[in-house]
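[1] Show me how the following folds:
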Amino acid sequence: MKKRVVIIGAGHGGVQAASTFREEGFEGEIIMISDELDAPYQKPPLSKGYLQGKQNAQAILFRSENYYNDNAIDLKLGVRVAKIHSEKNEIQLSDGAAIKYDYLIIATGACNRRLRFNGQMAENVYYLRNFSDAKMIEEKINPAQHIVIIGGGFIGLELAALAVEKNKKVTVIETEDRLMKRVLPEALSKVFYETHVAHGVEMILGVSVVNIIDGKKIKLSNGNEIDADLILAGIGVIVESELTENSGVLFDNGIVVNPFQQTNIENIYAIGDCANHYNPFAKKSLRLESVQNAVDQAKVAAAHIIDKPFEYNTVPWFWTNQYHLKLQMAGISFGFDEGIIRQSPKPECFSVYYFKEEKLIGVDSLNRPADHLNARKLLTAGISPSKMEVADFEFNLNGLLV
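    Numbering: from 1, shown residues only. Now for the predicted structure:
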């Protein structure tokens, strides 16, 4: 009897899982469910190519319109999974329908953290997470003259760069004393700060938003007020526990999984942003908000289901593009002891190598794609150059891989 796999979510993880099943010869049923009406699409281009006008909606689709039918993937769009009945191997949909499964993969990602004041959600503030958000921002951004962005992280700064390219007046408000402080060292924060300022962005750092009135007037913790035509926010994401409540699935800052992406219920798996996994590079349990991570974990989950198991053990990597700056990050640098800069002759082309107890744990590369690729290879192989070798730009780090 053929098995049925149900995948909740049609993002990078969900689509990769479905594709992996078919590529590996799985002949059972595949049902993929998405609460969005749009055919499955890539999310990184939303804040880059799509809103810049460089890519249309068709260009960011994962697959052609015929792919799902041709591969017998039952794609159900515009419907939400309301409840998981793990004891019955069944999910209940928002339209009242029920679907049985032999295996369930949860690939629901994360949702935007929303601004709240006095217990109320701020109105007329726009966030970017999905295609509907992108279309709404596209509609709002064109007539706006002054755009205020709350949050100086990756998404906020990508939106700032986008707005500048559209000749808008842009203000960024960040509660920390420097940009992307949670993930970047001061040397890299400084480059991004100076670049945005050089492009005319007004930066307000070390100040928080205490209220927003009528979606137009922003009150700051320092007593100042700012008027805006459009307010965008990028203040992080959260994983909601509603789907797994009363399902028996263990939730702790995400859905807890083992190295095969399996939850505490053996036929239920979780992948991507929503999965709290033990990361062998960070040596602790965490969630990774990364396209690459979702794709890698999808392959792990699918392989385990079809009895070709292997454990998740991939070097994490991330990236952001802002103006001419391309930052690529490899590994997990949290808790590093020392960061060594490998400076090329060009001022905005360098990498920071992070060490913990003399071991290389991560590398951030700015406009140095070759460094990034080499770093991923070094981290995968468990090879650590010396700090002296890293600091010497003339030293061939690739030679360590021979």
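
[2] And what about residue 313, helix, strand or coil?
    Here residue 313 is recorded as coil under DSSP: H, G, I helix; E, B strand; the rest coil.

[3] Report how many residues lie close to it.
    By the criterion of other CB atoms under 10 Å, residue 313 has 12 neighbours. For glycine as for every other residue, the C-beta is placed from the backbone atoms N, C-alpha and C.

[4] So what does it have for phi and psi?
    Dihedral angles of residue 313 (phi, psi; degrees, to the nearest 10) stand at phi -160, psi 50.

[5] Flag the shaky bits of this protein, pLDDT-wise.
    Scanning the chain for pLDDT under 70 picks out no residues.

[6] Now do the helix ranked longest in it: which elements does it pack against?
    Identified as the longest helix of the chain according to DSSP state H is helix 291-305. Under the contact definition 3 or more CB pairs under 8 Å, 6 or more residues apart in numbering; DSSP states H and E, helix 291-305 sits against helix 12-23, strand 103-106, strand 268-270.

[7] need those in JSON lines with distance to residue 345, can you?
    Formatted as JSON lines, those follow (distance: least, CB to CB, whole Å):
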{"stretch": "helix 12-23", "distance to residue 345": "37"}
{"stretch": "strand 103-106", "distance to residue 345": "48"}
{"stretch": "strand 268-270", "distance to residue 345": "46"}
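
[8] among these, which is nearest residue 232?
    For the helices and strands packed on helix 291-305, proximity to residue 232 was assessed by CB to CB; helix 12-23 is nearest, at 23.1 Å.

[9] What is the subsequent helix or strand relative to that closest one?
    Next helix or strand after helix 12-23 toward the C-terminus (DSSP states H and E): strand 29-34.

[10] Just checking: what are the partner strands of that next one?
    Strand 29-34 has the following strand partners under DSSP bridges: strand 4-8 (parallel), strand 73-77 (parallel).

[11] Tell me which of these lies nearest to residue 222.
    strand 4-8 (43.7 Å).

[12] Can you list the neighbours in contact with that closest one?
    Contact with strand 4-8 is made by 14, 17-18, 21, 26, 28-33, 81, 91, 99-108, 243, 305, as judged by CB atoms under 8 Å, 6 or more residues apart in numbering.

[13] Would you tell me which one of the strands paired with strand 29-34 is buried the most?
    Ranked by mean neighbour count, the strands paired with strand 29-34 are led by strand 4-8 with a mean of 24 (mean count of other CB atoms under 10 Å).

[14] just how off-centre is it within its chain?
    22 Å (CA atoms, centre = their mean, to the nearest Å).

[15] same question, stretch 240-259
    19 Å.

[16] What are the buried residues along it?
    243, 244, 247, 249, 251, 254, 255, 256, 257, 259 (16 or more other CB atoms under 10 Å).

[17] quick revisit: any chance of the strands paired with strand 29-34 in a markdown table, with distance to residue 126 too?
    Below are the strands paired with strand 29-34 laid out as a markdown table (distance: least, CB to CB, whole Å):
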| stretch | distance to residue 126 |
| --- | --- |
| strand 4-8 | 26 |
| strand 73-77 | 23 |
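
[18] now the helices for this structure?
    Using DSSP H, helices in the chain cover 12-23, 67-70, 131-141, 154-165, 186-198, 291-305, 369-381, 387-391.

[19] can you list these in CSV and add mean neighbour count?
    Converted to CSV, the helices of the chain look like this (neighbours: other CB atoms under 10 Å):
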stretch, mean neighbour count
helix 12-23, 24
helix 67-70, 15
helix 131-141, 16
helix 154-165, 23
helix 186-198, 17
helix 291-305, 23
helix 369-381, 18
helix 387-391, 15
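
[20] Quick one: closest of these to residue 117.
    helix 154-165 (18.7 Å).

[21] who touches that closest one?
    So helix 154-165 is contacted by 47-48, 51-52, 128, 137, 141, 147, 149-150, 170, 172, 174, 179-180, 192, 196, 199-201, 232-235, 320-323 (CB under 8 Å, 6+ apart).

[22] for stretch 244-257, same thing?
    83-87, 106, 239, 241, 263-265, 268-271, 273-277, 285, 287.

[23] for stretch 389-402, same thing?
    In contact with stretch 389-402 (CB under 8 Å, 6+ apart) are residues 340-345, 353, 371, 374, 377-378, 381, 383, 385.
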